[in-house]
Each structure stands twice: as C-alpha cells, then as structure tokens.
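Asker: sharing a model that was predicted from the sequence below.
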Amino acid sequence: MFHICRQRRELDRLSKSVEHFLLYPEDDIEETLNEGAVANLQNAFSELTAQFSLMRAASAHREEEMTHFVENIAHQIKNAATALQIRLDILQMKLKLPDEVEALKKSQLCMNRLTDEVDRVLKSSQLASGKITMVPKNRSFRSNKGML
C-alpha cells in the first residue's frame, strides 16, 4: 500500500512538472531542452502510469479471487449446515423425552445462528462481486403533528 501511495505522489509530481512546462515554456525552455528534462519526465511518467495500471489490475484480480473464494467456502458450509439441519429435524420427530426435546431445541437455535451467519457472509461476498445489489425497502415516514 505504501508503494502505491509513493508511486501516486511521484506520478502527481511528474504530471505537475509536465503541465508547468506546457503552460509556461518561456520560463526555462533553453535549460529544459538542454538537459532533456522533458524526455525524462515523459519516460518516468509513462513508466509510472504503466506500473500503476498493472498494480491496479493485479489488485482487482486478487480481490475478485478472494471474493470468489469466500463465496465458495460459504456455499460449502451452507450445504453442510443444511444437511445437519435435516438430521436435527428428523431427530426431533423421533424424540419423546422432554429433556431430549429441550436439548435438541438448543441445538437447533445454535444451528439457526450458524445458518444466519453463513447467509450473511454469502450475501456480503455476492454484494462485493456484484452478483446481487442492495435494494432499499420503501419506508413510510408519517408525520405526527403532536410529536413535532
């Protein structure tokens, strides 16, 4: 991250130097042409632009891979949790003793929390990848004259 910020600052500095040269060529045109500063600035500017573009593309690709990985893991966990929930439901039908039924209810509550958490992770990764979008719910805001 520090490397990107440093390159961005260098890119800004070079860009300002080129703009100054193009806007005010009469200030130091002889000195600039003699030293070849314009060519150096253009080369450095081109190199930094290319490096920055490559880094941005690599970063976007890495982020896309991580989002895909998280989504796959969430699906795998959700499949296992669904299979476990089915077994708990079958067990619930077979249990008769109140203590066993109560213990099973606690297990189902834990299972529901796990399923909710996996759903949250899955939706977050799908939002990040653009597979789904957030649609705000319409909320009605009524004005209560007595409340204002």
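Answerer: Happy to help now that I have it.
Asker: strands along this structure, start to end?
Answerer: Assigned by DSSP state E, the chain shows no strands.
Asker: name the helix or strand of it that has the lowest mean pLDDT.
Answerer: Least confident helix or strand, the chain: helix 25-35 with a mean of 60, by mean pLDDT, DSSP states H and E.
Asker: which other helices and strands contact the longest helix along the chain?
Answerer: Of all the segments of type helix in the chain, defined by DSSP state H, the longest one is helix 37-94. When contacts are defined as 3 or more Cβ pairs under 8 Å, 6 or more residues apart in numbering; DSSP states H and E, helix 37-94 packs onto helix 2-23, helix 98-129. Backbone N, C-alpha and C define where each C-beta goes, glycine included.
Asker: nearest residue to the middle of the chain?
Answerer: With distances taken as Cα atoms, centre = their mean, the residue of the chain nearest its centroid is Ala128 (5.1 Å).
Asker: that residue touches His68, doesn't it?
Answerer: No: if you go by Cβ atoms under 8 Å, Ala128 and His68 don't touch, sitting 9.7 Å apart.
Asker: where does the protein dip in pLDDT?
Answerer: Scanning the chain for pLDDT under 70 picks out 1-2, 25-35, 37-38, 138-148.
Asker: related to what we said a few turns ago, what's the closest of the helices and strands packed on helix 37-94 to Leu48?
Answerer: The stretch from the helices and strands packed on helix 37-94 with the least distance to Leu48 (Cβ to Cβ) is helix 2-23; that distance is 4.7 Å.
Asker: any idea how far His75 is from Lys123?
Answerer: Distance, His75 to Lys123, by Cβ to Cβ, to the nearest Å: 12 Å.
Asker: go on, Arg8?
Answerer: From Arg8 to Lys123 the distance is 33 Å (Cβ to Cβ).
Asker: what residues are up against Leu41?
Answerer: Residues near Leu41 by Cβ atoms under 8 Å, 6 or more residues apart in numbering: 14, 17-18, 21.
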